[in-house]
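[1] Predicted model and sequence below, questions to follow.
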Amino acid sequence: CLGVNLIVLQDYKGQKLAEQIFQGIILISAMIGFVYGLIIEQFGWTVYIVLAGFAVSCVLTLPPWPMYRKNPLSWQPVVPEVGGESSQKPQESLKKKKHK
C-alpha cells in the first residue's frame, strides 16, 4: 500500500488562500498592465506586466509555504495488515465470500 508516508503539502484552507492570492495578483497585474499599456499605447507592456504578475503569483502560491499548512488534516491511524488475503480490497474479499 502506498499511503503510509504521505506528506500533506497544503490543507484545504491553505488551498483556498493560495487560490485567492493567485487570482488577486493576476487581477491586479492585469488592471495595472491594461491601464499602463493604454496610457503609453503599447500592448506589449500590458503582456509583460501580466506575465510578471503571473510569475510573482506562481512564486507565492506553488511552493508549500508554512502559511498554507496552518490547519493540517487529521488522518485515521494505519490499520496493520493481517493474514494472507490482506492484499485484496475489502469489497473483493466480501464478493468472494458471497459467491462460495
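    Done, it's in.

[2] ok, the residue positioned nearest the centre of the chain - contacts?
    Centroid-nearest residue in the chain: Gln15, 5.6 Å away (criterion: CA atoms, centre = their mean). Taking CB atoms under 8 Å, 6 or more residues apart in numbering, we find Gln15 in contact with Tyr68. For the C-beta atoms, the positions are set from N, CA and C on the backbone; glycine is no exception.

[3] What does it show for phi and psi?
    phi -60, psi -40 (degrees, to the nearest 10).

[4] mind saving the C-alpha coords of stretch 34-44 as PDB?
    The C-alpha atoms that make up stretch 34-44 are tabulated as PDB, following Å, rounded to 0.1, in the frame of the first residue of the first chain:
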ATOM      1  CA  PHE A  34      -4.100  47.400 -19.100                       C
ATOM      2  CA  VAL A  35      -4.000  50.900 -17.800                       C
ATOM      3  CA  TYR A  36      -0.200  51.300 -18.300                       C
ATOM      4  CA  GLY A  37      -0.400  49.900 -21.800                       C
ATOM      5  CA  LEU A  38      -3.400  52.200 -22.600                       C
ATOM      6  CA  ILE A  39      -1.500  55.200 -21.400                       C
ATOM      7  CA  ILE A  40       1.700  54.600 -23.300                       C
ATOM      8  CA  GLU A  41      -0.200  52.900 -26.200                       C
ATOM      9  CA  GLN A  42       1.900  49.800 -26.200                       C
ATOM     10  CA  PHE A  43       0.100  46.400 -25.900                       C
ATOM     11  CA  GLY A  44       3.400  44.600 -25.300                       C
END
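
[5] what comes up buried for it?
    Across stretch 34-44, burial judged by 16 or more other CB atoms under 10 Å covers Gly37.

[6] can you give me the offset of that stretch from its chain's centre?
    33 Å (CA atoms, centre = their mean, to the nearest Å).

[7] can you list contacts of it?
    By CB under 8 Å, 6+ apart, the residues outside stretch 34-44 that reach it are Trp45, Thr46, Ile49.

[8] Residue ranges in the chain under the pLDDT threshold?
    For the chain, residues meeting the criterion pLDDT under 70 lie at 1-9, 84-100.

[9] quick one: the helices in it?
    12-40, 43-61, 90-99 (DSSP state H).
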